[in-house]
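K.L.:
With the sequence up front, the predicted model follows.
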Amino acid sequence: MSAATVFPLYFGMATPEQAHAIAAAVRGRLLEPGGLGTTLIDNGQQWDRPNGWAPMQYLAIEGLSKNGERDLAYEIADRWLHKNIQGYSHTGVLVEKYDVEQGPEQRGNGGGGGGEYELQLGFGWTNGVLAKLMAEFPELTARSEGGTP
């Protein structure tokens with residue numbers, strides 16, 4: 001099981017029944033306090049648990065929304081926005097991946113780990129996805145920032 005299971009939703013290749021089954025699996029197995037987990041495997045590699053990646057969040061949010069699973073899409077957007085905004089408010093930087101198993105209240109940048117190199121700061125896809133979601137969900141952005149839209 002991996003977050004890549006949302007690709008058929010994003011590309012419009014799932015039947016309504018398949019979309020509902022994917023949403024149920026994502027909600028039950030990959031939804032974490034900080035967003036959508038990448039896999040169920042925790043082996044110290046960068047693309048595995050507990051890390052979450054911006055492109056996968058975006059594909060899931062858009063794919064679920066396109067397939068009538070707006071509540072789950074909204075929940076993922078809320079958790080990911082809050083995780084990113086809180087990390088930024090504590091450190092002044094965005095990072096390439098986040099530890100989504102830790103809630104957004106955790107101090108520090110909340111960045112993920114594992115893999116073959118150090119955590120990268122200011123990563124383009126994190127910045128781009130965050131900007132897009134902030135524009136799409138101003139009410140969630142405001143709530144994460146502690147204000148109003």
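P.N.:
Great, that's in hand.
K.L.:
what does the model give the residue nearest to N67 when sequence neighbours are not counted for pLDDT?
P.N.:
Leaving aside its sequence neighbours, N67 sits nearest to A19 (Cβ to Cβ, 6 or more residues apart in numbering; 3.7 Å). Where C-beta positions appear, they are placed from N, C-alpha and C, glycine not excepted. pLDDT for A19: 98.
K.L.:
Is A19 in a helix, a strand, or coil?
P.N.:
helix (DSSP: H, G, I helix; E, B strand; the rest coil).
K.L.:
Check the offset of the biggest helix by length in the chain from the chain's centre.
P.N.:
Secondary structure of the chain per DSSP state H: the longest helix is helix 70-91. Taking Cα atoms, centre = their mean, to the nearest Å, the mean C-alpha location of helix 70-91 is offset from the chain mean by 7 Å.
K.L.:
and the next element down the chain from it?
P.N.:
strand 97-99 (DSSP states H and E).
K.L.:
Could you check how many residues crowd around the residue nearest to N67?
P.N.:
When neighbours are counted by other Cβ atoms under 10 Å, A19 registers 21.
K.L.:
Contacts only, for it.
P.N.:
With contact taken as Cβ atoms under 8 Å, 6 or more residues apart in numbering, A19 is in contact with 9, 64, 67-69.
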